[in-house]
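Colleague: Predicted model and sequence below, questions to follow.
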Amino acid sequence: MTIHTHSLIAQCLLASIAFLPLIVQADGVSSESTHASSNLNTALGDFSKDGRLAWWSEARFGMFIHWGVYADLAGEWRGEKVDGYSEHIKRICKINRTDYINEVVKPFNPTAYDAEEWVRIAKEAGMGYIVFTAMHHDGVAMYDSDVDNLNVVDMSRFGRDPLRELKDACDKHGIKLGFYYSHAADWSLSGDPRYPEPNGPERRKACVEKKVLPQMRELIRNYEPDLIWGDTPHHNPHELNVEILEAVREEDSSIIINGRLARGMGDYMTTSDRPAEFRLMRDPSEQYWEAIPTTNESYGYHQHDHSHKPASHFIQLLAKAAARGGNLLMNIGPRGDGTFAPEDMQILQEVGQWWRIHSESIHGTQRTPLAPQSWGESTLKGNRLFLHVFEWPSDGRLLVGGLSGEILRASYLSDNSHELSYEKIGADVLFHLPKKAPDAANSVIQVEFKDPPTGDDTLLLQTNYTNELSVFMAELLGQTPDLKYWKLSQGMSDSAHVKGWTQKSCAVRWPVRVAQSCDFDVIVHYDTPGKWGAPPRPNQYGGAFSVKIGGHTMHGEVASQGMDIAVELGRVSLQPGKVDILVSADKISGEELMRLKNITLRPAGLPSKAAQ
């Protein structure tokens, strides 16, 4: 189905929008001005962004599938292990076009590929949509393309159209299907006489005109995707990305377009790769967003990457994303034969077990009215608030900070007949729980209200939990145009910190609240990473800092180098009320002070997590 919504007015407006300034909010997370995106949608005759995204927001959970001919290599080239993303092996090893075709594309023959099995696995894990790599950066189309014969049907031993089979299976089982298409990077062009050499604006323009636009139209017309997932837009001149976006809208205005196709001018924004932390996402421009974690550290299958996270990591990440109004697109890299690796299957099965009982707390929910809690997160659906308890209270006392509304009843989501007792204590609600958690990864308590509940978005310091205040929950002070590198980093497990702390005007602030008097031990955690995992350079980091908590000031030094360095500062006594926690620089003796991760306030006498 083709829906034409384009007009001469839209063409003129698009030309002007192409040069509007980019607002970079964090590494890998970018958006154009809200005004630009709004004007673009209006110009194209599309007034239904919310309508387009309705099914996507309802789903909250999807499966990203990175699968191409590179899966056969599994992270090795000619017998040698290759570090990094396995789908990048052509670039990393500088494999020329002829060798890649002869040694990788032509032998590809995934005889165990079963699209119905893939869809069944995704559906049982709770996923409502799939995004499949129709073409990644290696330039090989994973479908039957009449535009370019560099595709698995024409060139590989397989000779089948895996995308057609996946589309049919998704339609049969009621799963939405989207396509990843590398519209701005194509490593297959080098050595192809149809395209200019070397890589640059002329080659990119030729690629867009001869390959990208025809293949995008081909994909839309032949496979009717629900979503288009672009990537690495910085490799294209901006006006080419706008032209591609315009063409997609012209073909079918109901297709969802991610923010990486044209620098945030699509329907939603995307986090950086492999996220482990998210911002609070409270800005109006962050209403729609998606996180893209992967099971290990590679998106494509890599036989030597055994860094798989436990299922609990994804169960909790799913709740954290939903609490902030976002989606989780969890990546799987199938093997070269078309099957999922056992490690991935184990994760998916455990996530599916949790989902079968607790899906109500994610599917169709909206952003929570509460701040993150030291024990976990919360999600909202109408008059019901779901408390996602990652750390069960050993004393049975679960205090929910800043929760307002008339409660009708509370129970486990897994056992609605098990009613829980509670009491209102000032601005908070205390739930009395048994000593044992119903679920080790994420126990969900369903709280039913007479009307939709409201909340305080100021974080409550708990007296029976260790309070870890991530920088992703904080406010960065001292940001100016001159300090463009003073910002949150990507939020991956090795970059969940701030970066660019080069000036004493920079500081990090957390507004918090104390409900009852308590003594807290204060610990600061920071990183001092080098480039690409190497040790830091001499004098790259160093200095001294202060932590102000209410009327207390404590001092620390950046004396040790490494990752997740803990600096114990001492003990403070805090009284009930609102308190600001401020970390600032006293002296910067290195290129940067440090890369602050979090500040931890542990109630005095409570053992550390490591000791528990």
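Modeller: That came through, no problem. Numbers count the residues shown, from 1 in each chain.
Colleague: counting contacts, what elements does whichever helix in the chain runs longest pack onto?
Modeller: Longest helix of the chain, by residue count under DSSP state H: helix 342-358. Counting contacts by 3 or more CB pairs under 8 Å, 6 or more residues apart in numbering; DSSP states H and E, helix 342-358 is packed against helix 115-124, helix 311-323, strand 327-332. Placement of C-beta: from N, CA and C, glycine included.
Colleague: out of those, which comes closest to Q462?
Modeller: With CB to CB as the criterion, Q462 lies closest to helix 311-323 of the helices and strands packed on helix 342-358, at 17.1 Å.
Colleague: Taking strand 327-332 as reference, get the angle to the closest one.
Modeller: Between helix 311-323 and strand 327-332, the angle comes out at 150 degrees (axes from the mean of the first three to the mean of the last three CA atoms, to 10 degrees).
Colleague: Helix 311-323: which residues count as buried?
Modeller: Residues of helix 311-323 classed as buried: 311-323 (neighbour count, 16 or more other CB atoms under 10 Å).
Colleague: What is the nearest of those residues to K436?
Modeller: Out of the buried residues of helix 311-323, the member with the shortest distance to K436 (by CB to CB) is S312, at 16.8 Å.
Colleague: The closest one and L387: what is the separation?
Modeller: Between S312 and L387 the distance is 17 Å, computed by CB to CB, to the nearest Å.
Colleague: repeat for G126
Modeller: Taken as CB to CB, the span from G126 to L387 is 19 Å.
Colleague: With E557 instead?
Modeller: 39 Å.
Colleague: Next: S374.
Modeller: Using CB to CB, one obtains 12 Å as the distance from S374 to L387.
Colleague: now swap in A54 and tell me
Modeller: 26 Å.
Colleague: all strands of the stretch 151-300 of the chain, in order?
Modeller: If DSSP state E, counting those that start in this stretch is used as the criterion, the strands of the stretch 151-300 of the chain fall at 176-181, 227-229, 256-257, 269-273, 289-292.
Colleague: oh, I was asking about the stretch 351-500 of the chain
Modeller: 376-381, 384-389, 397-400, 403-404, 407-412, 421-425, 428-432, 443-449, 454-455, 459-461, 467-470, 475-477, 487-488, 498-499.
Colleague: Residues touching the longest one, excluding its own?
Modeller: In this case it means strand 443-449. With CB atoms under 8 Å, 6 or more residues apart in numbering as the contact definition, strand 443-449 has outside contacts at 358, 360-361, 383-389, 392, 398, 405-414, 416, 420, 431, 433, 437, 453.
Colleague: quick check: mean pLDDT across it?
Modeller: In this model, strand 443-449 has a mean pLDDT of 98.
Colleague: The first one too?
Modeller: If you average the pLDDT over strand 376-381, you get 98.
Colleague: And the residue nearest the centre of the chain?
Modeller: Ranked by distance to the mean C-alpha position of the chain (CA atoms, centre = their mean), the top residue is A291 at 1.9 Å.
Colleague: I'd say it and F278 touch.
Modeller: Yes: using CB atoms under 8 Å, A291 is in contact with F278, at 6.4 Å.
Colleague: Quickly list what's touching both of these two.
Modeller: T271, A321, G326.
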